[in-house]
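>>> Below are the sequence and a predicted model; questions follow.
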Amino acid sequence: AQSVAQPEDQVNVAEGNPLTVKCTYSVSGNPYLFWYVQYPNRGLQFLLKYITGDNLVKGSYGFEAEFNKSQTSFHLKKPSALVSDSALYFCAVRDGKAAGNKLTFGGGTRVLVKP
Amino acid sequence: EPEVTQTPSHQVTQMGQEVILRCVPISNHLYFYWYRQILGQKVEFLVSFYNNEISEKSEIFDDQFSVERPDGSNFTLKIRSTKLEDSAMYFCASSESWQQNQPQHFGDGTRLSIL
């Protein structure tokens, strides 16, 4: 079975400071990992993915994520947060060993960037 | 940028009534999905669909649920006899291929309220 945990319900950060949103996962096979962002009254917007290769993945809007196999983590990062980054962030995993294509999501982390 | 569109944005229905949620996936995408998010809970996979067939479904997707691609553009989720616990945000998603490294692109969702 595949699962994802986002240990923080909310992250508060001052504008201009680095932002980190944590995610850990559990799969049987190789993980395919995704980050999505949700703004109010909108759907889930794809930010970035890790499939294989470099452990540091770069995505949209200056976000990046670091894959760590030994810690089974895929933390989302942004070096300098903007007020407009305030949103709900979801980590998702797909198990490379499982049949099918369903995504399993974490519970989401609300990010609040204060001016 | 192409988007997944969902209608209506909000649907209010009496318990026991049938409801149809509509989605127009991205035009060159071939794989379609429905997810739901009950208020305050995780985004959960319901069903995936390809080539006019269900590819995978979760335990949530019981006989009350059905999906259909009635024409070349629409993808619908029908709930035959709604229950109070069906109240949730329903997200449609599509992906270009079945490859597990392909991201799924989500619509803005339909908020379903069962009275």
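Structure's in. What do you need?
>>> Show me the beta-bridge partners of the closest residue to residue A:86 other than its chain neighbours.
Excluding the flanking residues, the one nearest residue A:86 by Cβ to Cβ, 6 or more residues apart in numbering or on different chains is residue A:113, at 4.9 Å. The way it works is simple: take the backbone N, C-alpha and C, and place the C-beta from them, glycine included. As for beta bridges, residue A:113 partners with residue A:13 under DSSP bridges.
>>> pLDDT weak spots in the chain?
Just going to use chain A. Counting by pLDDT under 70, chain A shows low-confidence ranges at A:98-99.
>>> oops, chain B please
Residue ranges of chain B with pLDDT under 70: B:1, B:100.
>>> How about the residues of it by chain A?
For chain B, the contact set with chain A under Cβ under 8 Å from any Cβ of the partner chain comprises B:4, B:6, B:31, B:33, B:35, B:41-45, B:48, B:55-56, B:58, B:91, B:93, B:95, B:98, B:100-101, B:103-109.
>>> And those, which of them are buried?
B:4, B:6, B:31, B:33, B:35, B:42-45, B:48, B:55-56, B:58, B:91, B:93, B:95, B:100, B:103-109 (16 or more other Cβ atoms under 10 Å in any protein chain shown).
>>> Run a quick neighbour tally on residue B:34.
For residue B:34, the neighbour count with other Cβ atoms under 10 Å in any protein chain shown is 25.
>>> residues touching the residue nearest to it when sequence neighbours are not counted, list them.
Leaving out its chain neighbours, the residue that sits closest to residue B:34 by Cβ to Cβ, 6+ apart is residue B:46, at 4.3 Å. Residues near residue B:46 by Cβ atoms under 8 Å, 6 or more residues apart in numbering or on different chains: B:33, B:34, B:35, B:36, B:57, B:58, B:60, B:61, B:65, B:77.
>>> Cool, thanks, signing off.
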